[in-house]
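Novice: predicted coordinates and the sequence they were generated for:
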Amino acid sequence: MTAVGIDAIEIWTGNLKLDLPGTFAPEKGEDPEKYTKGLGLNASSFPDSYEDIVTMGANAAHRLMERKGLEPDDIGRIDVATESAFDNSKPVSTYVAGCLEQVYDGDFHHANKGERKFACIAGTQSLDDACNWIRAGRNRGRGALVIATDTALYARGDAGEATQGAGAVAMYISENPSLVELSTEQGYGSADETDFLKPNQQFPSVDGKRSVQVYLARMREALEDYESVAGDTHPDQFAYVPFHTPFPGMVRKAGLLVYRHMIRDTPIEEELADEIGRQPRAEAFDDEEAFRDALKEYTDKLKRTDTYQDWYGKTIDPTLTISREVGNWYTGSVHVARVSALKHGLDNDLDLAGSQLLVGSYGSGAQAEGHAETIQDGWKEEIEALNLEEQLEARYDLSWDDYEEIHDVHNHDMDVDVEEFTTPEAEFVFDGWGRMGERK
Ligand code: HMG
């Protein structure tokens, strides 16, 4: 079967940043380490007043097309994944196509356009749809443009406020991809949940503590379901395990859960037995609560072992570098984690071609999905071409007053005078709700 997957990727971060330990923590009267060590975040990315999900998505897609020498005729499908859409009828992909048509000779009249919604997992679902469209042979030699774009904002004072972020990820999906091939095996964990909702409202209603438990429960189901089709997983099988990253502290918990599951009945569990005992098995307990307590005790010990810490340091921690500086990008977040991992490989001159990733996506509401990816020969050139560090460096550092103002600007319910903190440079800019961005 021909390999299908992500040929290239580009990231566009919001042009502003909020420093969490330096600006947010003092204003909230909190210890800065709650953010840097507890949640694992240094900063959040914010859109300037001339940016929105359309402009960020179009800017990422434009960079991708320019770098890969793509023309509209090379793209047979444009899917946008977002949970920040402002139009209940037209998909955001039509607005993005409208932007891109301003700068290319050709148009996208031939391209099938859509919008995917299932909270943060929609980015992976769009990627999946694009791969399936190609595998089904309906692409007529063309690739698909998948864009995950969000302004992940919470109401001021909400516990989620520290985890905000904004940005877009654009991916070109094709046959014989340069970056990663996606496995056809997948696993799901899906249930009707109400811990994170946005019913006709801009900011989410969140039961934050419960959302963490739901994430972990669905992720465990997805891993078990993945193993039921792909066979047991093992910690040494994967170079990196990128997860949906609402904040790095969440992934600390997910990494531990996945590792504990993977080492069951392996020599690793045996080797650790003298140090921390064997992992408790549900069958050995009559009482569910007693089993849960025993499992928690084992997990607390496992977390502290050198064996786990070494694995975490090389397999999970590198996926979090970008997230620490940008916060949650909802649909784009797991795709940022993949880039972060591969950037680590590049910076450390690792030979990753042929190695595997286990990708764990998640969306509130709630669904988790797991699949494997095989890193392709062209991965280094693709990752080397990204200018993410420059983008992060160029962001304007918001004061607290600036932050409150820009937060109001992006609150659709408010009529706020718009001030620009930065000057757009060769990029699409927002020019009013329901219109497409112009290129400045
Ligand atoms: P909180 O009340 O701000 O924080 O809410 P906390 O008190 O729970 O502390 C967080 C961590 O910091 C804890 O570590 C503390 O111990 C530690 P943990 O026990 O979890 O390992 N801490 C400190 N560490 C060092 N020094 C200190 C210190 N103080 C505390 N001084 C909460 C946290 C997650 C509830 C909040 O941020 C929230 O509501 N976030 C939004 C919801 C969210 O992101 N949920 C994640 C799962 S759901 C998901 O991922 C989907 C989502 O992306 C949406 C979608 O799919 O569309 C959100």
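Specialist: All right, it came through fine. Numbering: from 1, shown residues only.
Novice: give me the three-state assignment for the residue in the chain sticking out farthest from the centre.
Specialist: Distance from the centre of the chain peaks at Asp286, with 39.5 Å (C-alpha atoms, centre = their mean). For Asp286, the assignment made with DSSP: H, G, I helix; E, B strand; the rest coil gives coil.
Novice: contacts only, for it.
Specialist: Contacts for Asp286 (C-beta atoms under 8 Å, 6 or more residues apart in numbering) come out as none. C-beta here means a position set from N, CA and C on the backbone, and glycine is covered the same way.
Novice: again, but for Arg210
Specialist: Arg210 sits next to Asp195 when contact means C-beta under 8 Å, 6+ apart.
Novice: what do you get for Thr36?
Specialist: So Thr36 contacts 20-21, 42 (C-beta under 8 Å, 6+ apart).
Novice: make CSV out of the residues you listed and add secondary structure, distance to Ile121 and pLDDT.
Specialist: Below are these laid out as CSV (DSSP: H, G, I helix; E, B strand; the rest coil; distance: C-beta to C-beta, whole Å; pLDDT from 0 to 100):
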residue, secondary structure, distance to Ile121, pLDDT
Leu20, helix, 26, 98
Pro21, helix, 30, 98
Asn42, coil, 26, 98
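Novice: which of those residues has the most neighbours?
Specialist: With neighbours taken as other C-beta atoms under 10 Å, the top of the contacts of Thr36 is Leu20, carrying 24 neighbours.
Novice: surely it is in contact with Ala43?
Specialist: Yes: counting by C-beta atoms under 8 Å, Ala43 is a contact partner of Leu20 at 5.9 Å.
Novice: after the particular helix or strand that has Lys17 in it, heading C-terminal, what element do we hit next?
Specialist: Using DSSP states H and E, the element containing Lys17 is strand 16-19. As assigned by DSSP H and E, the chain's next helix or strand after strand 16-19 is helix 25-28.
Novice: buried stuff in that following helix?
Specialist: By 16 or more other C-beta atoms under 10 Å, the buried positions in helix 25-28 come out as 25, 28.
Novice: how about that helix against the ligand, any contact?
Specialist: No: if you take C-beta under 6 Å from any ligand atom as the test, helix 25-28 misses the ligand, and the best it gets is 9.3 Å.
Novice: list the contacts of the next helix or strand after that helix.
Specialist: Next in sequence after helix 25-28, counting helices and strands by DSSP H and E, comes helix 32-33. Contacts to helix 32-33, defined as C-beta under 8 Å, 6+ apart, come from residues 20-22, 25-26.
Novice: and helix 32-33, how far out from the chain middle?
Specialist: Taking C-alpha atoms, centre = their mean, to the nearest Å, the mean C-alpha location of helix 32-33 is offset from the chain mean by 24 Å.
Novice: that helix near the ligand anywhere?
Specialist: Yes: Helix 32-33 reaches the ligand (C-beta under 6 Å from any ligand atom) through Glu33.
Novice: report the rounded mean pLDDT for that helix.
Specialist: Summarised as a single mean, pLDDT over helix 32-33 is 98.
Novice: ranges for the helices of the stretch 151-300 of the chain?
Specialist: Using DSSP state H, counting those that start in this stretch, the helices of the stretch 151-300 of the chain run over 208-230, 248-262, 267-276, 288-304.
Novice: ok so, going back, relative to the ligand, which of the contacts of helix 32-33 is nearest.
Specialist: Comparing these against the ligand with C-beta to the nearest ligand atom places Ala25 closest, at 9.4 Å.
Novice: quick check: nearest residue in space to that closest one, chain neighbours excluded?
Specialist: Pro32 (4.2 Å; C-beta to C-beta, 6 or more residues apart in numbering).
Novice: let me know how buried the one you found is, in neighbour terms.
Specialist: 18.
Novice: so what strands line up beside the strand holding Lys17?
Specialist: The strands that strand 16-19 pairs with in its sheet are strand 43-46 (antiparallel), strand 396-397 (parallel) (by DSSP bridges).
Novice: any idea which of the ones you listed is most buried?
Specialist: Most buried of the strands paired with strand 16-19, by mean neighbour count (mean count of other C-beta atoms under 10 Å): strand 43-46, with a mean of 28.
Novice: contacting residues around it?
Specialist: By C-beta under 8 Å, 6+ apart, strand 43-46 touches 13-20, 162-167, 324-327, 329, 392, 395, 398, 403, 406-407, 410.
Novice: which ones are touching the residue in the stretch 201-350 of the chain positioned nearest to the ligand?
Specialist: Residue nearest to the ligand within the stretch 201-350 of the chain: Gly208 (2.2 Å; C-beta to the nearest ligand atom). Applying C-beta under 8 Å, 6+ apart to Gly208 gives the contacts 159-160.
Novice: make it 10 Å
Specialist: Counting by C-beta atoms under 10 Å, 6 or more residues apart in numbering, Gly208 touches 154, 158-160, 163, 195-196, 246.
Novice: who wins on neighbours among those?
Specialist: Greatest neighbour count in those, by other C-beta under 10 Å, goes to Pro246: 28 neighbours.
Novice: near the spatially closest residue to it that is not a sequence neighbour, how many other residues are there?
Specialist: Nearest residue to Pro246, sequence neighbours excluded (C-beta to C-beta, 6+ apart): Asn328, at 4.6 Å. Using other C-beta under 10 Å, Asn328 is surrounded by 28 other residues.
Novice: quick check: residues of the stretch 51-200 of the chain near the ligand?
Specialist: Contacts of the stretch 51-200 of the chain with the ligand, taken as C-beta under 6 Å from any ligand atom, map to 83, 119-120, 159-160, 162-163, 196.
Novice: dump the residues you listed to TSV, plus distance to Ser49 and pLDDT.
Specialist: Output for these, formatted as TSV (distance: C-beta to C-beta, whole Å; pLDDT from 0 to 100):
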residue	distance to Ser49	pLDDT
Glu83	21	97
Ala119	26	98
Cys120	25	98
Ala159	26	94
Gly160	22	97
Ala162	22	98
Thr163	22	98
Phe196	27	96
